[in-house]
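Participant: give me a model of this one.
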Amino acid sequence: MESPARNLIGNGTVIKGDIECSGDIRIDGQLIGSLKSNGKVVIGQTGTLEGDLTCKQADISGNIKGTIKAEELTALKATSKVEVDLVTKQLLIEVGAQFTGKCTMTQQSTVSMPKQKIG
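Facilitator: Take a look at the predicted model:
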């Protein structure tokens, strides 16, 4: 069985558009658009996302403005600054994190994940 892909958007990189991936992804640069991942999404301290995030897990140390829909855990680290409408199963907010918006916590998986292509 293949291990899931790991993707990186490096510091200094700016992407305008939507991204869908089946594996984990880390953003240390800037994404303007939506991001859908079947894995874990990490927004590093230098990372920014302006758009919608749909994923299994979100680990945020940087900035997000938009929406977050995480199937499992959303972790807002001390350096994070988020202005979002958030839907998640579990939420962890460290001291120092800046959270502005609305949070809905649910035990059901209401997040529609991207379909994996076979072949």
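
Participant: use CA for all of it now, contacts and neighbours both
Facilitator: Fine.

Participant: tell me the pLDDT of the residue nearest to residue 93 when sequence neighbours are not counted.
Facilitator: Once flanking residues are discounted, residue 93 sits nearest to residue 76: 4.8 Å by Cα to Cα, 6 or more residues apart in numbering. Residue 76 carries a pLDDT value of 97.

Participant: which secondary structure elements does the helix or strand where residue 31 lies contact?
Facilitator: Residue 31 belongs to strand 30-32 when assigned by DSSP states H and E. Where contact means 3 or more Cα pairs under 8 Å, 6 or more residues apart in numbering; DSSP states H and E, strand 30-32 is packed against strand 14-16, strand 48-55.

Participant: most tightly packed of these?
Facilitator: strand 48-55 (a mean of 23; mean count of other Cα atoms under 10 Å).

Participant: okay, the angle between the helix or strand harbouring residue 75 and strand 48-55?
Facilitator: Per DSSP H and E: residue 75 is located in strand 63-76. Strand 63-76 runs at 40 degrees relative to strand 48-55, counting by axes from the mean of the first three to the mean of the last three Cα atoms, to 10 degrees.

Participant: could you pull up the residues touching the residue nearest to residue 93?
Facilitator: Contacts for residue 76 (Cα atoms under 8 Å, 6 or more residues apart in numbering) come out as 59, 60, 61, 91, 92, 93, 94, 97.
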